[in-house]
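kindly return the folded structure for what I paste below:
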Amino acid sequence: MTLPLSFNPRVSNDLKGIFAFYEQESGIHLAEEFQTESISCLDQILANPQRFHFFANDLRRANLKRFPYHFLYRIESIAVRILVIRHHHRNPDFGTNRQ
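The predicted model follows:
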């Protein structure tokens, strides 16, 4: 049985901010590539949530392939909870306290 994805409400703003950055810096094409890769990563998490390694405690980390971002998520009994998408090197504590 596949668990559904659930999202911390702030993930939407995280994604919008990153998309806007790429759109402003390099144009809509790169921003759309970021969006496509983010969706692909979420599909991979959904298909096999245990595939990705532990980041800390019960949090797992799924890296985007081309972009320097990753999702942190938790496998719960009723859903896979996406907590944050964040940059690999900026603000290392960003989003780790989200539920």
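
mind checking what helix or strand follows the lowest-mean-pLDDT helix or strand in the chain in sequence?
Of all helical and strand segments in the chain, the minimum by mean pLDDT, DSSP states H and E falls on strand 54-56, at a mean of 85. Following strand 54-56 in sequence order, the next helix or strand is strand 59-63 (DSSP states H and E).

show me what that next one packs onto, helices and strands only.
helix 28-47, strand 54-56, strand 69-75 (3 or more C-beta pairs under 8 Å, 6 or more residues apart in numbering; DSSP states H and E). C-betas here are computed from N, CA, C, even on glycine.

switch the cut-off to 10 Å
helix 28-47, strand 54-56, strand 69-75, strand 80-87 (3 or more C-beta pairs under 10 Å, 6 or more residues apart in numbering; DSSP states H and E).

closest to A20 out of these?
Among the helices and strands packed on strand 59-63, the nearest to A20 by C-beta to C-beta is helix 28-47 (7.6 Å).

quick one: contacts of the closest one?
Residues outside helix 28-47 that contact it (C-beta atoms under 10 Å, 6 or more residues apart in numbering): 2-5, 7, 11, 14-15, 18-26, 51-52, 60, 62-67, 69-71, 73, 75, 80, 82, 85.

and the residues you listed, which are buried?
Buried by 16 or more other C-beta atoms under 10 Å: 5, 7, 11, 14-15, 18-19, 22-23, 52, 60, 62, 64, 67, 69-71, 73, 80, 82, 85, out of the contacts of helix 28-47.

follow-up on the earlier one: where among the helices and strands packed on strand 59-63 is the average confidence lowest?
Mean pLDDT is lowest for strand 54-56 out of these, coming in at a mean of 85.

if anything else comes up later, I'll come back, but that's it for now.
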